[in-house]
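J.: Below is the sequence, then the predicted model.
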Amino acid sequence: MPGPTQTLVDGLGFPEGPRWHAGRLWFSDFHRRRVCSVGTSGDVKIEVEPDDVPSGLGWDRWGRLLVVSMLRRELVRHDAGERVVVADLSPFTVFGANDMAVDTAGRAYIGGFGYDITSGEPPRPTALLLVDERGVRPVTAMELTCPNGIVVDEQRRRVVVAETFAHRLSAYELHDDGSLGPRSLFAEFDDDVEPDGIALDEHGAIWVATCTPTVLRVEGGGEITARLELSSGLNSYAVALGGDALFFCSAPGTHLTEPGQGRIETAVVAYPALSDPDAGGGQTESAEPTA
């Protein structure tokens, strides 16, 4: 049955990478090469128009916007009209860089497809990358099958990654220096569930977009505790929490249609985000930012 979701924004190309920041939902519109934000009243603002396909979003310690440049395979900072390449991801990625989560220290965890998904190449494993003051490096073994949505759960000292074509969520113990421990299984799904974007609530459960109109809430161990159907009937590709509002990036498919049919949908949920919904960069520091 259709769920109680409301459309906040429509007419988008393909919205992805949503993040709640400073009272607004930020998201990438892939095909139109825009990073936008929207308030709860539906007012849309174009924040940045990159010269490449934008994907994962986050903020560094000084509140400067970080964007994954998908095809160039770079992590880019946009600040006051300036574009700065923070890290070249190309030595560690194949075909395209993708989603990202940034912790409160400004450390960025970034996934990539790991193989050319457009050519029919069989899936092959890849690693999660970490970008910090020491540069860029793999922070897991070459063991992830299409790492997609990522959350950093600093309260529980773990990083959770959605492996889309492995039909599972994997978890890693988070160490003080940003490194990760061995992989463990957070949740495993049937083959008809392809987890894409994910979001963390205050109880440590994960909301999962499934590339279908269904969105799931899953606890560690794999118990599904809530199921929501998008009222639009579109496919869910990413989710984000802002307070008790859950936001969904939805579209009929991953390809651009004209006019655009992508949407941001929303619903009120029982379990809100962590008390600091802006966690993931953007914390105020006394030190001056450096390039």
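T.: Good, I have the coordinates. Numbers count the residues shown, from 1 in each chain.

J.: Surely Arg158 and Ser170 touch.
T.: No: using Cβ atoms under 8 Å, Arg158 is not in contact with Ser170, being 10.2 Å away. (Glycine included, C-beta is placed from N, CA and C.)

J.: how near is the spatially closest residue to Phe165 that is not a sequence neighbour to Phe92?
T.: Nearest residue to Phe165 in three dimensions, chain neighbours excluded: Cys146, at 4.6 Å (Cβ to Cβ, 6 or more residues apart in numbering). From Cys146 over to Phe92 the distance is 15 Å, taken as Cβ to Cβ, to the nearest Å.

J.: higher neighbour count, those two?
T.: Between Cys146 and Phe92, Cys146 has the larger neighbour count (other Cβ atoms under 10 Å), namely 24 against 18.

J.: okay but that one is in contact with Ser170, surely?
T.: No: judged on Cβ under 8 Å, Cys146 makes no contact with Ser170 at a distance of 11.6 Å.

J.: between the two, what contacts are shared?
T.: Glu163 (Cβ atoms under 8 Å, 6 or more residues apart in numbering).

J.: Can you report phi and psi for Met142?
T.: The phi/psi pair for Met142 (degrees, to the nearest 10) reads phi -80, psi 80.

J.: swap in Phe92?
T.: The phi/psi pair for Phe92 (degrees, to the nearest 10) is phi -120, psi 0.

J.: which residue sits closest to Leu65, ignoring its sequence neighbours?
T.: In space, Leu65 is closest to His78, 4.7 Å off (Cβ to Cβ, 6+ apart).

J.: Given the one helix or strand that neighbour maps to, what are its sheet partners and their directions?
T.: His78 is part of strand 74-79, with elements assigned from DSSP states H and E. Next to strand 74-79 in the sheet, as set by DSSP bridges, lie strand 65-69 (antiparallel), strand 82-88 (antiparallel).

J.: average pLDDT across that strand?
T.: Here strand 74-79 scores 96 as its mean pLDDT.

J.: What lies in contact with that strand?
T.: 35, 47-48, 50, 52, 60, 64-69, 83-90, 97, 100, 108, 110, 131, 136.

J.: Just the buried ones from these, in ChimeraX syntax?
T.: In ChimeraX, a selection of the buried entries from those looks like this (16 or more other Cβ atoms under 10 Å):
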select :35,47,48,50,60,64,65,66,67,68,69,86,87,89,97,100,108,110,131,136
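
J.: List the strands paired with the helix or strand encompassing Gly11, with their directions.
T.: Element membership for Gly11, per DSSP H and E: strand 6-12. If you go by DSSP bridges, strand 6-12 pairs up with strand 262-268 (antiparallel).

J.: Going by neighbour count, list what's buried in the partner strand.
T.: For strand 262-268, using 16+ other Cβ under 10 Å, the buried residues are Gly262, Arg263, Ile264, Glu265, Thr266, Ala267.

J.: just those residues now: which is nearest Gln6?
T.: Nearest to Gln6, judged by Cβ to Cβ, of the buried residues of strand 262-268 is Thr266 at 5.7 Å.

J.: Low-confidence bits of the stretch 1-150 of the chain, can you list those?
T.: 1-3 (pLDDT under 70).

J.: in it, which spans are strands?
T.: 6-12, 15-21, 24-29, 34-38, 44-48, 54-59, 65-69, 74-79, 82-88, 97-102, 108-112, 129-132, 135-138, 147-153 (DSSP state E, counting those that start in this stretch).
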